[in-house]
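S.K.: sharing a sequence plus its predicted fold:
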Amino acid sequence: MDRKTILKYAQKKYKAAPEYLWERYPEDAVLRHCDNKKWFAVIMNIQKCKIGIDSDDNIDIVNVKCDPMTIGSLRMINGIFPGYHMNKGNWISVLLDGSVDDNLIYTLLDGSYQLTAGKKK
């Protein structure tokens with residue numbers, strides 16, 4: 001899966017357009033809820049060494065929020081790491097290099113969207 005596929009999915013399913021918030025990092029995008037404005041995903045291009053891979057090459061990742069009870073199990077999957085630049089107890093980073101199954105990435109995006117949704121009254 002790549003960043004374009006994630007952005008299309010988020011637009012179609014959640015009507016969430018990417019927001020490019022950082023002039024210094026023009027490729028990095030935030031996906032947020034339309035109503036409460038909370039982030040549910042962040043797509044970034046980082047050096048692999050930033051997440052513990054022995055390389056200075058760059059890679060695209062998506063950060064998603066997860067249930068803290070599942071993070072330990074998820075991090076055992078090849079291509080999933082503690083959340084880069086996020087709370088590592090609640091967020092994970094997923095490589096967008098084909099190492100993680102597309103269906104799992106969709107499931108993680110959906111879960112992150114639900115976890116960051118506003119409280120229903």
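M.R.: That came in fine, so what should we check first?
S.K.: all contacts plus neighbour counts: C-alpha atoms, from now on.
M.R.: Noted.
S.K.: element containing R24, please.
M.R.: Following DSSP states H and E, one finds R24 outside all helices and strands.
S.K.: what's the burial count for it?
M.R.: For R24, the count of nearby residues is 7 (other CA atoms under 10 Å).
S.K.: now the helices: where do they sit in the protein?
M.R.: Counting by DSSP state H, the chain has helices at residues 3-14, 68-74, 102-115.
S.K.: so can I have JSON lines of those showing distance to P82 and mean neighbour count?
M.R.: Formatted as JSON lines, the helices of the chain follow (distance: least, CA to CA, whole Å; neighbours: other CA atoms under 10 Å):
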{"stretch": "helix 3-14", "distance to P82": "19", "mean neighbour count": "15"}
{"stretch": "helix 68-74", "distance to P82": "8", "mean neighbour count": "13"}
{"stretch": "helix 102-115", "distance to P82": "14", "mean neighbour count": "16"}
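S.K.: can you list those helices in CSV and add mean pLDDT?
M.R.: As requested, the helices of the chain are exported to CSV (pLDDT from 0 to 100):
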stretch, mean pLDDT
helix 3-14, 96
helix 68-74, 94
helix 102-115, 97
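S.K.: excluding chain neighbours, what is closest to L21?
M.R.: A29 (7.0 Å; CA to CA, 6 or more residues apart in numbering).
S.K.: what about stretch 81-94, distance to the chain center?
M.R.: 9 Å (CA atoms, centre = their mean, to the nearest Å).
S.K.: now do stretch 27-38
M.R.: Worked out by CA atoms, centre = their mean, stretch 27-38 lies 11 Å from the chain centre.
S.K.: CA atoms only for that stretch, dumped as CSV, please.
M.R.: Output of stretch 27-38 as CSV, limited to C-alpha atoms (Å, rounded to 0.1, in the frame of the first residue of the first chain):
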residue,chain,number,x,y,z
GLU,A,27,4.9,15.6,2.0
ASP,A,28,3.7,14.9,5.5
ALA,A,29,-0.1,14.8,5.8
VAL,A,30,-2.6,14.7,8.7
LEU,A,31,-6.0,13.0,8.4
ARG,A,32,-8.6,14.3,10.8
HIS,A,33,-12.2,14.0,11.7
CYS,A,34,-14.5,16.6,10.0
ASP,A,35,-16.4,17.2,13.2
ASN,A,36,-14.0,17.1,16.2
LYS,A,37,-10.8,17.8,14.2
LYS,A,38,-8.9,15.0,16.0
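S.K.: thanks again, I'm all set now.
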